[in-house]
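> Sequence first, then the predicted structure:
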Amino acid sequence: MRSPVRMAWRCAFAGETDCVPRARHVVEALFSGTGREDDAGLVVTEFSANALRHTRSGGAGGWFGVEVCMPDDSPAYLGVLDLGGFDRPRFDLSLRSREVVEGGRGLAIARSLAVEVGVTGSPALGHVVWARLDVSKAK
């Protein structure tokens, strides 16, 4: 019997800013040939940088996780796990919103590239910020 998932991958990275480009490079390689390599790279960069900037993942001994799942028959899943702290990420801001004058555009850009975005978890326990990218056709 053939599995409906052609690829699933998960990795933890140290909570250091130089690990964000490493995560991006790996995710771009995993999305190779889908036509969405750059989009996936941008999404994981934004989610990872936010994890370091806004959660305990960027503190001493912190880490963030990245997971990718590419089913055969639905959009690819890309998630970034953080250690929690402070507020929940907000995807409801518009690129034109006054609230994004000082940052915040990255989540709106990620939302515009994805079929669906979301966040699960809590500030106390950590979050998974995720996006689903359509890889059935190149953009």
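The structure has been received and is ready for your questions.
> mind checking how far Cys11 is from Trp130?
For Cys11, the distance to Trp130 equals 15 Å [C-beta to C-beta, to the nearest Å]. For glycine as for every other residue, the C-beta is placed from the backbone atoms N, C-alpha and C.
> Name the residue in these two with the higher neighbour count.
Under the neighbour definition other C-beta atoms under 10 Å, Cys11 and Trp130 were set side by side, and Trp130 has more, 21 against 13.
> per-residue pLDDT, the more buried one?
Confidence per residue is given as pLDDT, and for Trp130 that number is 96.
> In the beta-sheet assignment, what are the partners of it?
Using DSSP bridges, the bridge partners assigned to Trp130 are Gly79, Gly118.
> my guess is it contacts Leu81, does it?
No - between Trp130 and Leu81 no contact is recorded; they are 9.4 Å apart, counting by C-beta atoms under 8 Å.
> what's the weakest-modelled helix or strand in this protein?
The least trusted helix or strand in the chain, going by mean pLDDT, DSSP states H and E, turns out to be helix 105-113, with a mean of 85.
> how about it: buried residues?
106-108, 110-111, 113 (16 or more other C-beta atoms under 10 Å).
> And stretch 47-64, by the same measure?
Across stretch 47-64, burial judged by 16+ other C-beta under 10 Å covers 47-52, 54-58, 62-64.
> Now do it, average pLDDT.
Average pLDDT, stretch 47-64: 94.
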